[in-house]
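A.B. asks: Sharing a model prediction with you, sequence too.
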Amino acid sequence: MRNFTFLLLVYLSFFLGEGYSQQKNNDKRENKPMWWKEAVVYQLYPRSFKDSDGDGVGDLKGIISKLDYLKSLGIDAVWLNPIFSSPNDDNGYDISDYRNIMKEFGTMNDFDELLAGLHKRNIKLVLDMVLNHSSDEHEWFKQAKSSRSNPYRNYYHWWPEEKGKPTPRYSFFDVNSDAWKYDATTKSYYLHYFSQKQPDLNWENEKLRNEVYDMMKFWLDKGIDGLRMDAFQYVSKDTTWKKYPLGYEKDIIKYYGMGPNLHQYLKEMNTKVISKYNIMTVAEGAGSTLEDAHSLVDEDRQELNMAYHFEIMDIGNDPKGYQLTDLKKAFSKWDQAFAKKGWLAIFLANHDVPRMVSKYGNDSPEFRRFSSKLLTTLIMTMRGTPFYFNGDELGMSNIKFDKIEDYRDIATINAYKSAKAKGENLDSFMDKQKFISRDNTRTPFQWNNSLNAGFTTGTPWIKVNPNYKTVNVAVEEKDPESELFYFKKMVALRKSSPVLVYGDYEVFDIENPDVYCYTRMHGAAKMLVVLNFSAKSISYPLDKGINTTEARVLMNNYKTQATILNHQVDLKPLQALVFQLN
Ligand code: NOJ
């Protein structure tokens, strides 16, 4: 019976999900239905997903061998982190050839096969466009730094030494936080907001912009379905290079984000490229205000489809914990601001932050599984397009390396060097990395309990989380109570419930420090979500305004029956419940 219900939901998801957007695409209301609003996007980190040739690095053939797994999840689209040629200073976010595949990942033939295999299974593909910077090993940069008069010189930002020291600019990854690197050949400094091997492209140069648009068309003409725009809010620079006030780096998006010509470039890109394809576009970063975010994604702006902001990601970076009320307020504020117009991505994790269960949940052996399901429930019941990070469907948690030698991420390694140079306490630095380092989400995907979790037959480029013996696909596919089963059911529920995609969101009892309670309402359909984020049992009185007379449980992360009695729900630690109210 249980399986039958699940299959029915999956079945309905195809017809209701697709059909719903197609029927209503001519609707003139704001926030009109679109396929990319109804999609569940699965973020796949290629380096760590599946290695096919034993070199310890995930690759495209590895992904191809797991296409049926992707299909089994019920997701609609896969976002791949960069797969283009790269010396991997920043795991592919330093591109040396935008029209080729990274050697470790395979060939263009593999890419074509992967795209066809996804499309055959009705899964769309979103690629990561890294357009704020290239690699210093890109031909453009090699040319640009060969002489001041080289035709590619102006593809990057330079500061000639005769002008004296450049105006200070902050670099995210540089050991000295200095975004200007001196180049002796041409006696000039070049700009790099990220690492020294990631020089910033000069978007003020129309020739560069047109090259980028052509490159985007190259991939779109292959039939990809979407673009994730990496760090795009930074592309337009203030080229008067004015001095910023002391401490500006603490509020960096205000100074680096939404530069003077950003909208002009986006409109140009939209006219020349985006508008010619039925694709989804998502910006990483959304400026520093709600208005900034709207200016990127509102339909009448004709720029991008959606953005992800950092306000939720910025909550929970303190190993001592966070306040649930802050999380609720952030979700509620952004939902309210985008209720009528514009669209957002919803996520709790990606390759730049730790595992969601370790950050927002409770990864102790007792509660990890419940936490994982609870957070999955939150993502899948919010308005906005869910971006779900691979491995979270298994309940993967932070690896918490003890030694700096185990880390691979340039952000952690350079921050360590910097802390050491400043004489900071390295023990507390290491403790913090266990909680915040990006490598926590980058460990190999856990397929089974064989060597290296079935990820590779070689030596993995980064260590496997020792919990792979029990947290893995093979084990979870056999267990109807697993996180994986729960994830699939949650995806199927979302796909069959327009109320979870488009419905109005109303939060209740926002100051409650333990329970997150909200409803979603769309026409006559209404759902209630109750999430106990605490590790204690709670008798939770529901708001009097919620009519529960016909309530029935749709999702429950505990096996025990859940009921509403006297307008009150008994919640177990980390319990997540979704009710249909009518
Ligand atoms: C954002 C990406 O998500 C991150 O991984 C990368 O390091 C920076 N942009 C630089 O490209």
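C.D. replies: Thanks, I have it. All figures in this text were calculated on a predicted structure; none of them were measured in a lab. Residues are numbered from 1 along each chain as shown.

A.B. asks: list the contacts for residue 375?
C.D. replies: Neighbour list for residue 375: 348, 356-357, 360-361, 392 [criterion: C-beta atoms under 8 Å, 6 or more residues apart in numbering]. For glycine as for every other residue, the C-beta is placed from the backbone atoms N, C-alpha and C.

A.B. asks: What about residue 43? Give its phi and psi, please.
C.D. replies: phi -90, psi 120 (degrees, to the nearest 10).

A.B. asks: Tell me how many other residues surround it.
C.D. replies: 24 (other C-beta atoms under 10 Å).

A.B. asks: Would you mind naming what in the protein lies close to the ligand?
C.D. replies: Residues of the chain lying close to the ligand (C-beta under 6 Å from any ligand atom) are 90, 93, 130, 194, 230-231, 284, 351-352.

A.B. asks: Can you find which helix in the chain contains the most residues?
C.D. replies: helix 206-221 (DSSP state H).

A.B. asks: shaky segments in this structure?
C.D. replies: 1-31 (pLDDT under 70).

A.B. asks: hmm, back to that, pull out the buried members of the residues of the chain next to the ligand.
C.D. replies: Neighbour counting by 16 or more other C-beta atoms under 10 Å classes 90, 93, 130, 194, 230-231, 284, 351 among those as buried.

A.B. asks: Just the closest of these to the ligand, please.
C.D. replies: residue 93 (3.4 Å; C-beta to the nearest ligand atom).

A.B. asks: My read is that the closest one contacts residue 197, right?
C.D. replies: No: taking contacts as C-beta atoms under 8 Å, residue 93 lies outside contact range of residue 197: 10.1 Å.

A.B. asks: got a markdown table for the contacts of residue 375, with neighbour count too?
C.D. replies: Listed next are the contacts of residue 375 as a markdown table, based on neighbours: other C-beta atoms under 10 Å:
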| residue | neighbour count |
| --- | --- |
| 348 | 25 |
| 356 | 29 |
| 357 | 29 |
| 360 | 23 |
| 361 | 25 |
| 392 | 25 |
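
A.B. asks: Dump those into TSV; add secondary structure and distance to residue 168 as well.
C.D. replies: Output for those, formatted as TSV (DSSP: H, G, I helix; E, B strand; the rest coil; distance: C-beta to C-beta, whole Å):
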residue	secondary structure	distance to residue 168
348	coil	34
356	helix	35
357	helix	39
360	coil	35
361	coil	39
392	helix	39
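
A.B. asks: In the stretch 201-350 of the chain, what residue spans correspond to strands?
C.D. replies: 226-230, 280-284, 306-308, 345-346 (DSSP state E, counting those that start in this stretch).

A.B. asks: want to throw these into TSV with distance to residue 554?
C.D. replies: Converted to TSV, the strands of the stretch 201-350 of the chain look like this (distance: least, C-beta to C-beta, whole Å):
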stretch	distance to residue 554
strand 226-230	29
strand 280-284	27
strand 306-308	26
strand 345-346	19
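
A.B. asks: Any idea which of those strands gets closest to residue 323?
C.D. replies: strand 345-346 (19.8 Å; C-beta to C-beta).

A.B. asks: Mind giving me the packing neighbours of the closest one?
C.D. replies: strand 306-308, strand 385-389 (3 or more C-beta pairs under 8 Å, 6 or more residues apart in numbering; DSSP states H and E).

A.B. asks: Mind listing residues that contact the first one?
C.D. replies: Under the criterion C-beta under 8 Å, 6+ apart, residues 36, 280-286, 293, 296-297, 342-345, 347, 384-385, 387 lie in contact with strand 306-308.

A.B. asks: how about the closest residue in space to residue 229 that isn't next to it in sequence, what does it touch?
C.D. replies: Leaving aside its chain neighbours, residue 229 sits nearest to residue 283 (4.8 Å; criterion: C-beta to C-beta, 6 or more residues apart in numbering). Neighbour list for residue 283: 229, 232-233, 296-297, 304, 306-308 [criterion: C-beta under 8 Å, 6+ apart].

A.B. asks: quick one: residue 283 from residue 128, how far?
C.D. replies: Plainly put, residue 283 is 12 Å away from residue 128 if you go by C-beta to C-beta, to the nearest Å.

A.B. asks: re the thing from before, looking at the strands of the stretch 201-350 of the chain, which is closest to residue 529?
C.D. replies: Per C-beta to C-beta, nearest to residue 529 of those: strand 345-346, 13.3 Å.

A.B. asks: which neighbours does that closest one have in its sheet, and in what orientation?
C.D. replies: Paired neighbours of strand 345-346 in the sheet (DSSP bridges): strand 385-389 (parallel).

A.B. asks: Pull out the buried positions in the following helix or strand past the partner strand.
C.D. replies: Note on strand 385-389: by DSSP states H and E, the next helix or strand toward the C-terminus is helix 410-421. For helix 410-421, a neighbour-count test (16+ other C-beta under 10 Å) marks 410-416, 418-419 as buried.

A.B. asks: Can you lay out those as CSV showing distance to residue 482?
C.D. replies: What follows is those, written out as CSV (distance: C-beta to C-beta, whole Å):
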residue, distance to residue 482
410, 34
411, 32
412, 31
413, 35
414, 38
415, 36
416, 36
418, 41
419, 39
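
A.B. asks: any idea which of those is the one closest to the ligand?
C.D. replies: residue 411 (6.9 Å).

A.B. asks: how about that closest one, what does it touch?
C.D. replies: By C-beta under 8 Å, 6+ apart, the neighbours of residue 411 are 172-173, 437-438.

A.B. asks: if we can go back for a sec, and residue 324, which of the helices and strands packed on strand 345-346 is closest to it?
C.D. replies: strand 385-389 (20.0 Å).

A.B. asks: Using CSV, write down the CA coordinates of the closest one.
C.D. replies: In CSV, the C-alpha atoms belonging to strand 385-389 read as follows (Å, rounded to 0.1, in the frame of the first residue of the first chain):
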residue,chain,number,x,y,z
THR,A,385,12.8,26.6,-6.3
PRO,A,386,14.5,24.0,-4.1
PHE,A,387,18.3,23.5,-4.8
TYR,A,388,19.2,20.3,-3.0
PHE,A,389,22.8,19.3,-2.5
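
A.B. asks: buried stuff in that strand?
C.D. replies: 385-389.

A.B. asks: Pick out whichever of those sits closest to residue 379.
C.D. replies: residue 386 (4.9 Å).

A.B. asks: Name the residues linked to that closest one by a beta bridge.
C.D. replies: residue 346.

A.B. asks: That one contacts residue 40, doesn't it?
C.D. replies: Yes: counting by C-beta under 8 Å, residue 40 is a contact partner of residue 386 at 5.2 Å.

A.B. asks: Touching both of those two, which residues are there?
C.D. replies: 380, 494.

A.B. asks: Quick one: neighbours of residue 265, just the number.
C.D. replies: 20.
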